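Trainee: sharing a sequence plus its predicted fold:
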Amino acid sequence: MIHQKIKNLILIIMVVACVYLGSYVWLQLPDFLMYDFNEEDNIKEEVIPKTNVWNVIKPFKNIIKYKDNYTVLYSDDKYNLWLKAIDIVTSGFVNYNGSVGINSSVAFPTQYLKFDFPINIPIEVFTDQMKIENNKLNEDIKYIKNIIIDLDNKNSIYIYNGEVTIKIENDKINTENIFSIIEKIDYSKFTKYSFEERIDDEKIQIPVPLEMTALNPVFVQSELDVFDTVYINKIAKDYFKNNYEYVRKSVEVNGNLVYVYRTEKVLKINAEGQLDFYDSNLEFNNNHDIHKSLITAIDFTENFLGFPKDGYLSNIESIQIEGNYGYRFIFSYKILDRPIMFSRVRDNAALQIDVIGDSVVSYNRFIRNIDENQRAYMQNYEIISATEVISKNMQSNEIDDMELKPLKSEKIKDISNIYLGYFDLSRVQKEQVLRVVWVIEVGDKSYIFNAITGALIEEW
């Protein structure tokens, strides 16, 4: 009798245990059916990094003319001249009343620090970021191509908008802090420039860099490796979030990874490390504010893979998608303090973001970083001087000279810029190198020359 009771007790315990444990199997929904309310709340409350926009809206180069020195800085990490200049420019804009006026031939200071931007940037990008409401300022300036800090007069700055120069002068502007930094710079460590270079009898009207060596080639690798499936899947999950369980993943013959959600959202990472996505299932608002759109693009990038090191805004275009207007922001970046030039044989960009209202509808990213495993193999090589490259590519009147060359002697006076950069020639995986090039800008054209051989690579 006692044995029978013990057996019944054990049986009851086993039944209760089975019911208890079975509830986890039968009552708990699988992941792909489970709606995570907490996760959605977290997404809504996600803290967007407070981006220092001035690290993105920044000059392509800083030009210093001080005493007998002329120096061009393509990196501002050491002196932080741009970030220090923001306060000066803000003081000038806040107190702007147009009293000095606009003058296309305004006297330029003999000593200056010039911030040169790659494009004419709408003034609203600056004033909105500075929280300045001054319609006259916006109407007078319209765009900013150069900001010039006067080193002769501590109370004045100049703005060049691509057409005319505006002088802003008031006692709220104080350039002494910038001046104290510039006078302490050891200019002997930087590239020398010549103001007297000639091609035959024609004088080049701009300072010519006298660089004779450069690192070449530079071995790089794409920031995204399609074979790192764990990391690639994490990127996809970060993008699709709660919808990831419904995403269809496929691998194309050429190795491209494609993630598709209801044909509305598509994420593609090709074998070369280029990432693209497009989202057609968005509700657009009527916001056409260029500053807010730019902030949307920057904040999205900060949260999705992060903003590339040494990246900067290099172009802005107006776009229209299904009757909705917005902006395309294109960002470039530098390696070893030199700008990256993408081949235009294909439509390339380091980072391209399309924004309609407050939504990112398209995102294209292709960033390559130095391959640290091959850094030891990169060496400084002797390069052809800028003037020799120009001479080698001048058209000749010789009848026997049948070789087609791009430059004409009458265009020498129109040369507006000369600098060294690194050229991203190919996106073929085997071609994971950047080659040093001379960039010669003449009028509205740019010529890209191999700095080792002097041969023309591309013309834009």
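Mentor: Noted; the coordinates are in hand.
Trainee: my guess is Leu224 contacts Leu275. True?
Mentor: Yes. With contact defined as C-beta atoms under 8 Å, Leu224 counts as touching Leu275 (6.1 Å). Every residue, glycine included, has its C-beta placed from N, CA and C.
Trainee: what do the two both touch?
Mentor: 235, 269 (C-beta atoms under 8 Å, 6 or more residues apart in numbering).
Trainee: give me the low-pLDDT residue ranges for the stretch 51-200 of the chain?
Mentor: Low-confidence segments of the stretch 51-200 of the chain (pLDDT under 70): 51, 98-106.
Trainee: just the helices in it please.
Mentor: Along the stretch 51-200 of the chain, counting by DSSP state H, counting those that start in this stretch, helices occupy 81-94, 123-130, 135-141, 176-182.
Trainee: between the two ends of stretch 357-370, what distance do you get?
Mentor: End-to-end span of stretch 357-370 (C-alpha to C-alpha, to the nearest Å): 36 Å.
Trainee: related to what we said a few turns ago, Leu456: which of the helices of the stretch 51-200 of the chain is closest?
Mentor: Nearest to Leu456, of all these, is helix 81-94, at 33.5 Å by C-beta to C-beta.
Trainee: quick one: residues in contact with the closest one.
Mentor: Residues contacting helix 81-94 (C-beta under 8 Å, 6+ apart): 54-55, 58-59, 62, 73, 76, 113, 115, 126-127, 130, 132, 134, 137, 147, 149, 157, 168, 170, 172-175, 177-178, 181-182.
Trainee: now do the buried residues in that helix.
Mentor: 81-82, 85-86, 88-94 (16 or more other C-beta atoms under 10 Å).
Trainee: same check on stretch 215-227?
Mentor: Of the residues in stretch 215-227, 215-222, 224, 226 count as buried by neighbour count, 16+ other C-beta under 10 Å.
Trainee: for stretch 148-160, same thing?
Mentor: Quick answer for stretch 148-160 (16+ other C-beta under 10 Å): 148-151, 154-160.
Trainee: ok, and what's touching it?
Mentor: Here stretch 148-160 makes contact (C-beta under 8 Å, 6+ apart) with 65-66, 85, 88-89, 92, 106, 108-115, 141, 144-147, 165-171, 173-176, 178-179, 182.
Trainee: quick check: ChimeraX command selecting the buried ones in those.
Mentor: Selection of buried members from the contacts of stretch 148-160 for ChimeraX, criterion 16+ other C-beta under 10 Å:
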select :65,66,85,88,89,92,109,111,112,113,114,115,141,144,145,146,147,165,166,167,168,169,170,173,175,178,179,182
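Trainee: of the contacts of stretch 148-160, which belong to strands?
Mentor: Using DSSP state E, the members of the contacts of stretch 148-160 that fall in strands are 65-66, 112-115, 144-147, 165-169.
Trainee: state the distance from Val218 to Leu151.
Mentor: Distance, Val218 to Leu151, by C-beta to C-beta, to the nearest Å: 35 Å.
Trainee: Leu404 belongs to a strand, doesn't it?
Mentor: No. Using DSSP: H, G, I helix; E, B strand; the rest coil, the secondary structure at Leu404 is coil, not a strand.
Trainee: that one: how many residues sit nearby?
Mentor: 8 (other C-beta atoms under 10 Å).
Trainee: one more: Lys58?
Mentor: Lys58 has 20 nearby residues by other C-beta under 10 Å.
Trainee: and what of the one 10 residues further on?
Mentor: Other residues near Asp68 come to 6 when the count uses other C-beta under 10 Å.
Trainee: ditto for Asp200
Mentor: 9.
Trainee: from memory it sits against Leu407, does it?
Mentor: No. Contact between Asp200 and Leu407 fails when scored by C-beta under 8 Å: they sit 11.6 Å apart.
Trainee: overlap of the contact sets of these two?
Mentor: Contact criterion C-beta under 8 Å, 6+ apart; residues bridging Asp200 and Leu407 by contacting each: Met394.
Trainee: what about the strands in the stretch 351-460 of the chain?
Mentor: Ranges of strands in the stretch 351-460 of the chain, per DSSP state E, counting those that start in this stretch, are 351-356, 359-365, 368-370, 380-382, 415-424, 433-442, 445-450, 456-459.
Trainee: quick check: which of the ones you listed is nearest to Gln205?
Mentor: Nearest of the strands of the stretch 351-460 of the chain to Gln205, taken as C-beta to C-beta: strand 415-424 at 6.8 Å.
Trainee: pull out the buried residues from that closest one.
Mentor: Buried residues in strand 415-424, defined by neighbour count with 16+ other C-beta under 10 Å: 415, 418-424.
Trainee: quick one: contacts of that strand?
Mentor: Contacts made with strand 415-424 from outside it, assessed by C-beta under 8 Å, 6+ apart, are listed as 61, 72, 74, 204-206, 208-209, 211, 214, 218, 335-336, 338-343, 348, 368, 383, 386, 390, 434-443, 448, 451, 457.
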